[in-house]
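Undergrad: sequence unavailable; structure follows:
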């Protein structure tokens with residue numbers, strides 16, 4: 001197993017699923033408080049979990065790395081591009097607590113006189 005290079009990385013499919021679920025919760029929190037840093041800080045763990053799950057399909061090392069990076073990149077792009085619209089939907093669905101910054105509203109267009 002390729003991931004056996006670092007002994008601490010011997011985890012099960014359940015552990016990988018827990019990492020992905022925890023990252024999903026962290027992503028929702030990051031969206032709610034408008035902080036991408038929470039999501040970025042968990043990318044390494046997500047990469048290891050995805051790589052482990054892909055390796056369980058008996059893919060070789062190159063395919064495991066390639067597929068993992070493509071999935072991570074796609075997730076980053078799919079979350080980063082519509083950040084404000086997705087965040088606005090989430091903020092409207094959550095209770096109106098003061099802990100969440102307000103939804104993004106683009107500045108008004110300048111009016112020509």
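TA: Everything's here; your move. Being a predicted model, the structure only gives us computed values, none of them experimental. Numbers count the residues shown, from 1 in each chain.
Undergrad: how about low-confidence regions in this structure?
TA: For the chain, the stretches flagged by pLDDT under 70 are 1-10, 97-106, 113.
Undergrad: which ones are touching residue 80?
TA: Residue 80 makes contact with residue 36, according to Cβ atoms under 8 Å, 6 or more residues apart in numbering. (Each C-beta comes from the backbone N, C-alpha and C, glycine too.)
Undergrad: relative to residue 30, how far out is it?
TA: Per Cβ to Cβ, to the nearest Å, residue 80 is found 12 Å from residue 30.
Undergrad: intersection of neighbour lists for these two?
TA: Jointly contacting residue 80 and residue 30 under the rule Cβ under 8 Å, 6+ apart are residue 36.
Undergrad: quick one: the helices in this protein, in order.
TA: Under the criterion DSSP state H, the chain contains helices at 13-32, 37-41, 43-55, 61-80, 83-93.
Undergrad: okay, the ones you listed in CSV with distance to residue 108 next?
TA: Below are those laid out as CSV (distance: least, Cβ to Cβ, whole Å):
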stretch, distance to residue 108
helix 13-32, 25
helix 37-41, 29
helix 43-55, 36
helix 61-80, 25
helix 83-93, 16
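Undergrad: perfect, I'm done here.
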